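Chemist: Build me a model:
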Amino acid sequence: MGTRQTAIALLLTLLSTGSGTLGLPRVSLAEVDRKPAATSVAFQSVLAQAKQHYHQAEFQPAIALYQQILAAPQATATAKTEALLQLATIESWMDQKETIVPKLEQALKLARQSGDRRWEARALAALAHNQQQDMKAVELLQEVLELRQATNQK
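Modeler: Predicted structure coming up:
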């Protein structure tokens, strides 16, 4: 099996299992972050507003809100990881390909530092999706699969 077929097979395996993104359950910031409730609620609100703008294709207001999260020193690693992943998605839609991978790599670094395996898997999957090299995409997807198995996701 060629590298492209291997990458597609791995991605299909990940997408076909479980109920959430890449077979991982969706997790709210409140479930992941163990910060004071007021801070968590504030960032949830900003993320919700940014997502609403994103879903209405209002990219500039969404970008501004995600950048606020990234600039806030009290923002949790999870909030920053989500903001980076969403910014990368918006940049993909806006065909700004040169800035996508650095944001995804930063999101992966934050997720790994925080120890949040689900966000790590999401960042890895996004990186795999945006790789121009087939072998690198396969390696990243294999890491996602290993993370899923390590966290007992079926």
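
Chemist: Residues in contact with the longest helix along the chain: which ones?
Modeler: If you go by DSSP state H, the chain has its longest helix at helix 37-55. The contact list for helix 37-55 (C-beta atoms under 8 Å, 6 or more residues apart in numbering) reads 28-30, 33, 59, 61-62, 65-66, 68-69, 72, 74-76, 79, 82-83, 86, 89-90. Using the backbone N, CA and C atoms, a C-beta is placed for each residue, glycine as well.

Chemist: which element follows it toward the C-terminus?
Modeler: Sequence-wise, the next helix or strand downstream of helix 37-55 (DSSP states H and E) is helix 59-71.

Chemist: who are the neighbours of that following helix, in terms of helices and strands?
Modeler: helix 37-55, helix 77-93 (3 or more C-beta pairs under 8 Å, 6 or more residues apart in numbering; DSSP states H and E).

Chemist: Drop anything exposed from the contacts of helix 37-55.
Modeler: 29, 33, 59, 62, 65-66, 69, 72, 75-76, 79, 82-83, 86, 89-90 (16 or more other C-beta atoms under 10 Å).

Chemist: Surely T78 touches D116?
Modeler: Yes - here T78 reaches D116: they are 5.9 Å apart, a contact under C-beta atoms under 8 Å.

Chemist: Pick out whichever of these two has more residues nearby.
Modeler: Regarding T78 and D116, a neighbour count based on other C-beta atoms under 10 Å identifies T78 as having more, with 25 against 20.

Chemist: Check the more buried one and give its pLDDT.
Modeler: pLDDT for T78: 90.

Chemist: Likewise for R117?
Modeler: Per-residue pLDDT puts R117 at 89.

Chemist: tell me the contacts of it?
Modeler: Counting by C-beta under 8 Å, 6+ apart, R117 makes contact with A111, L147, A150, T151.

Chemist: before we move on, back to that, quick one: buried residues of the longest helix of the chain?
Modeler: Neighbour-count burial for helix 37-55 flags S40, A42, F43, V46, L47, A50, H53, Y54 (criterion: 16+ other C-beta under 10 Å).
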